[in-house]
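A.B. asks: A predicted structure for the sequence below; I have some questions about it.
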Amino acid sequence: MNHQASKLEALVNQNRNVKAKKTRFIAITSGKGGVGKSTISSNMAFVMAKYGLKVGIFDADIGLANLDVMFNVKIKKNILHVLKGEATVEEILVPIGENLVLIPGESGEEIFKYASGGLFERFMDQAGVLDDLDVMIIDTGAGIGEHIQLFLRACDDVIVVTVPDPAAITDAYATIKVTSRLRDEINVIMNQVRSSKEAESLFEKIHKVAAANIGGSLQLSYLGQISNDPKISASVKKRALFSQEFPTATPTNELEAIVKRIAKKLERNVLVDPKESGLGGLFKRLMEHF
């Protein structure tokens, strides 16, 4: 285990000693599809779980749902079946490994059709099975749709993923601009880059345009980069996680550095009402913004 990984594990273990932490909700989004958003979401969840955090990953992009492919599992029912009373929360959960569970989702528009009445109350009661989660990663759809914005507003952290392609950069900026109306702090990960220099240069361009045209109190933060590496595409084709298949590869080390930066934010979590935990906590927040 390298020095960086040891420091990350120590930081996570320190966090785990704090009881009754709220779940930290992290939305991972993008301006357009095909930029590796779900690949980063799934591998980030795996790395966090590997270092001892209890992680749930919620697939909120059911129209293009592919987390089941990423984790190489089969999904029979999702959150919508629970809201309809056709399944329990426990029945839809897909254990991926130690400390990691997949929560098959549904689009926001469909979810909110069933967001009132006795069925939703029963769902909230059942959602308590996930109250011990440290982190819930929400893999949103791409773009700036209304239901996507609901998830972005409800989360503690928003991470926008983009690649060096000019169209992707333009769409990422559009996502940042719209999201800046909902929150002051937005994070960026540059994916499929040739070097850290390229990644930092592209982020600075986005930051400069945002500062000039959005301004205000927006804090645009650079979380890091993931290098363009054939090991990643090879892993995706095998329905495997690159961070698990290639634990010492450059992209894995880069992702661990990103996770370490996120883990530091967990230190700022305070003792809160249990309603801020797990799946129930997420839906409580969604209802407040609906």
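C.D. replies: Received the coordinates, thanks.
A.B. asks: got any ranges where this protein has weak pLDDT?
C.D. replies: 1-21, 62-65, 106-121, 267-276, 289-290 (pLDDT under 70).
A.B. asks: ranges for the strands of it?
C.D. replies: Remark: strands assigned in the chain by DSSP state E are 24-30, 55-60, 94-97, 100-104, 135-142, 157-162, 185-193, 219-227.
A.B. asks: and stretch 161-172, C-alpha only, in PDB?
C.D. replies: Taking Å, rounded to 0.1, in the frame of the first residue of the first chain, the C-alpha atoms of stretch 161-172 are listed here in PDB:
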ATOM      1  CA  VAL A 161     -17.100  15.600 -14.800                       C
ATOM      2  CA  THR A 162     -15.800  16.600 -18.200                       C
ATOM      3  CA  VAL A 163     -13.100  15.700 -20.800                       C
ATOM      4  CA  PRO A 164     -10.800  17.800 -23.000                       C
ATOM      5  CA  ASP A 165     -13.200  17.700 -26.000                       C
ATOM      6  CA  PRO A 166     -14.400  21.300 -26.800                       C
ATOM      7  CA  ALA A 167     -18.100  20.300 -26.900                       C
ATOM      8  CA  ALA A 168     -17.800  18.600 -23.600                       C
ATOM      9  CA  ILE A 169     -16.100  21.700 -22.100                       C
ATOM     10  CA  THR A 170     -18.900  23.900 -23.400                       C
ATOM     11  CA  ASP A 171     -21.600  21.600 -22.000                       C
ATOM     12  CA  ALA A 172     -19.700  21.400 -18.600                       C
END
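A.B. asks: contact partners of that stretch?
C.D. replies: With contact meaning C-beta atoms under 8 Å, 6 or more residues apart in numbering, stretch 161-172 is reached by 28-32, 35-37, 40, 142-143, 160, 188-194, 198, 202, 205-206. (Glycine included, C-beta is placed from N, CA and C.)
A.B. asks: cool, and stretch 193-200?
C.D. replies: With contact meaning C-beta under 8 Å, 6+ apart, stretch 193-200 is reached by 163-164, 190, 202, 222, 224-228.
A.B. asks: one more time with 10 Å
C.D. replies: The contact list for stretch 193-200 (C-beta atoms under 10 Å, 6 or more residues apart in numbering) reads 163-164, 188-192, 201-203, 222, 224-228, 254.
A.B. asks: picking that back up, and the contacts of stretch 161-172, which are buried?
C.D. replies: Neighbour counting over the contacts of stretch 161-172 (16 or more other C-beta atoms under 10 Å) leaves 28-32, 35-37, 40, 142-143, 160, 188-193, 202, 206 as the buried ones.
A.B. asks: hmm, back to that, which of the strands of the chain sits closest to Gln244?
C.D. replies: Each of the strands of the chain has some distance to Gln244 by C-beta to C-beta; the shortest is strand 94-97, at 8.7 Å.
A.B. asks: can you count the residues close to Ser41?
C.D. replies: 27 (other C-beta atoms under 10 Å).
A.B. asks: Hmm, it is touching Met70, no?
C.D. replies: Yes - in this structure, Ser41 is within contact of Met70 by C-beta atoms under 10 Å, at 8.0 Å.
A.B. asks: okay, and the common contacts of these two?
C.D. replies: With C-beta under 10 Å, 6+ apart as the test, Ser41 and Met70 both reach 57, 59, 139.
A.B. asks: Out of those, the closest to Thr248 would be?
C.D. replies: Looking across the shared contacts of Ser41 and Met70 and measuring by C-beta to C-beta, the closest to Thr248 is Ile57, at 23.6 Å.
A.B. asks: Number of residues surrounding the closest one?
C.D. replies: Using other C-beta under 10 Å, Ile57 has 31 neighbouring residues.
A.B. asks: What of the one 4 residues further on?
C.D. replies: The number of residues packed near Asp61 is 24, by other C-beta under 10 Å.
A.B. asks: same question, Lys231
C.D. replies: Lys231 has 15 neighbouring residues, counting by other C-beta under 10 Å.
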